[in-house]
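>>> missing the sequence, but the structure's below:
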């Protein structure tokens, strides 16, 4: 299963009505995800609204989730920023909370060259003894980690995985051809999970897993067992949910769905806003379809 497992969800960050972090609800949500098929949870990723969280809040969230799930699942801390020094410092402090691994996003806004990307991720990997997942999402960061650069990063003993949200299956296949055996490729897009698995990927860092962890896990297991027909049946049945979770900027739809179907997780922090009533209805309807699979 590797250090992270096959199914992880990038968990939202619950807030109180006044906008402060609701740590108790975060603990319950993490346990809920683990109880419903997850091998791990990613804390303070994009879905967790990491740009609007302070380091103090992030570290408290890591401690909260580690305490809540114990050894039942991997806890991965999203510690990447556009500043290498800050990312290293946060990674070191995250390791002290007992997390099992780190994920770092491509530095955004500054658009560093490939040599800068290699140096950035190497610095983070050198800073702790934890396994590191590299998050490649050029649509948000304006910089692609090229397949050759990723393969060079993979020579580092602690850079062990990538969350591939490139949105280009040809890129994913080219990466897999260059990457060393044992390096783990996770889909960063729920709708691409099955194609990435078929290409040789390991699993998914999901958003829809908030609502359909067991169904996504069954899809992964069916593909692993060679039952392509069942895997694609589940994939096709989950597509309305995958789409609904991104009708508006993430995590707006997911928070709306959780507020409707689980417990109150509050509104997103500005500059994000609550999802529309139409989006909320779409998520609720899609979750109902997914639960019947």
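Yep, it's here. As the structure is a prediction and not an experimental result, all values here were calculated from the model.
>>> Would you map the helices across this structure?
23-35, 55-69, 84-95, 114-127, 138-141, 147-153, 169-178, 193-199, 209-224, 228-244, 252-261, 277-291 (DSSP state H).
>>> Flag the shaky bits of the stretch 1-150 of the chain, pLDDT-wise.
Within the stretch 1-150 of the chain, the stretches with pLDDT under 70 are 1.
>>> so which of the helices of the chain comes closest to residue 162?
helix 147-153 (6.1 Å; Cβ to Cβ). Yep, even glycine has a C-beta here, placed from its N, CA and C like the rest.
>>> From the rest of the structure, what touches that closest one?
114, 117-118, 121-122, 134, 136, 145, 159, 162, 171, 174-175, 178-180 (Cβ atoms under 8 Å, 6 or more residues apart in numbering).
>>> Filter the residues you listed down to the buried ones, ChimeraX style.
The ChimeraX selection below is limited to those of the contacts of helix 147-153 classed as buried (16 or more other Cβ atoms under 10 Å):
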select :117,118,121,122,134,136,145,159,162,171,174,175,179
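>>> Now do the same for the spatially closest residue to residue 259 that is not a sequence neighbour: its pLDDT.
Excluding the flanking residues, the one nearest residue 259 by Cβ to Cβ, 6 or more residues apart in numbering is residue 265, at 6.0 Å. pLDDT for residue 265: 98.
>>> show me the residues around residue 265 that make contact.
12, 14-15, 22, 25, 29, 255, 258-259.
>>> neighbour-wise, which of those leads?
Neighbour counts for those (other Cβ atoms under 10 Å) peak at residue 255, which has 27 neighbours.
>>> With respect to residue 141, which of the contacts of residue 265 is nearest?
Using Cβ to Cβ, those come closest to residue 141 at residue 12, 20.6 Å.
>>> What separation do you get for that closest one and residue 200?
The gap separating residue 12 from residue 200 is 30 Å, by Cβ to Cβ, to the nearest Å.
>>> Distance of the residue lying closest to residue 146 once chain neighbours are set aside relative to residue 45?
Excluding the flanking residues, the one nearest residue 146 by Cβ to Cβ, 6+ apart is residue 114, at 5.8 Å. Applying Cβ to Cβ, the value for residue 114 to residue 45 is 23 Å.
>>> Hmm, residue 88 and residue 104 touching each other?
No - if you go by Cβ atoms under 8 Å, residue 104 and residue 88 don't touch, sitting 9.6 Å apart.
>>> So between those two, which is more surrounded?
Per other Cβ under 10 Å, whichever of residue 104 and residue 88 has more neighbours is residue 104, with 26 against 20.
>>> Please name the nearest non-neighbouring residue to that one.
Per Cβ to Cβ, 6+ apart, closest to residue 104 is residue 80, 3.1 Å.
>>> Around residue 273, count how many other residues there are.
Neighbours of residue 273 (other Cβ under 10 Å): 12.
>>> whoops, I mixed them up, residue 191
Considering only other Cβ under 10 Å, residue 191 is surrounded by 17 other residues.
>>> Enumerate every residue touching the residue nearest to it when sequence neighbours are not counted.
Of all residues not flanking residue 191 in the chain, residue 242 sits nearest, at 4.4 Å (Cβ to Cβ, 6+ apart). Counting by Cβ under 8 Å, 6+ apart, residue 242 makes contact with 190-191, 208.
>>> Redo those as JSON lines? Include pLDDT.
Shown next, in JSON lines, are the contacts of residue 242 (pLDDT from 0 to 100):
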{"residue": "190", "pLDDT": "98"}
{"residue": "191", "pLDDT": "98"}
{"residue": "208", "pLDDT": "98"}
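>>> Now do the closest residue to residue 220 other than its chain neighbours: how many residues are near it, please.
Nearest residue to residue 220 in three dimensions, chain neighbours excluded: residue 6, at 5.3 Å (Cβ to Cβ, 6+ apart). A count of nearby residues for residue 6, using other Cβ under 10 Å, gives 23.
>>> residues in contact with residue 6?
Applying Cβ under 8 Å, 6+ apart to residue 6 gives the contacts 39, 202-204, 217, 220.
>>> so what's residue 193 up against?
187, 201, 203-204, 206, 216, 219-220, 235.
>>> pLDDT score for the residue nearest to residue 191?
pLDDT, residue 242: 98.
>>> distance of it from residue 57?
29 Å.
>>> same question, residue 41
From residue 41 over to residue 57 (counting by Cβ to Cβ), the distance is 16 Å.
>>> out of these two, which sits in the busier spot?
Comparing residue 41 with residue 57 by other Cβ under 10 Å, the one with more neighbours is residue 41, at 26 against 17.
>>> List the contacts of that one.
With Cβ under 8 Å, 6+ apart, residue 41 has these contacts: 8-9, 11, 30, 33-34, 65, 69, 73-76.
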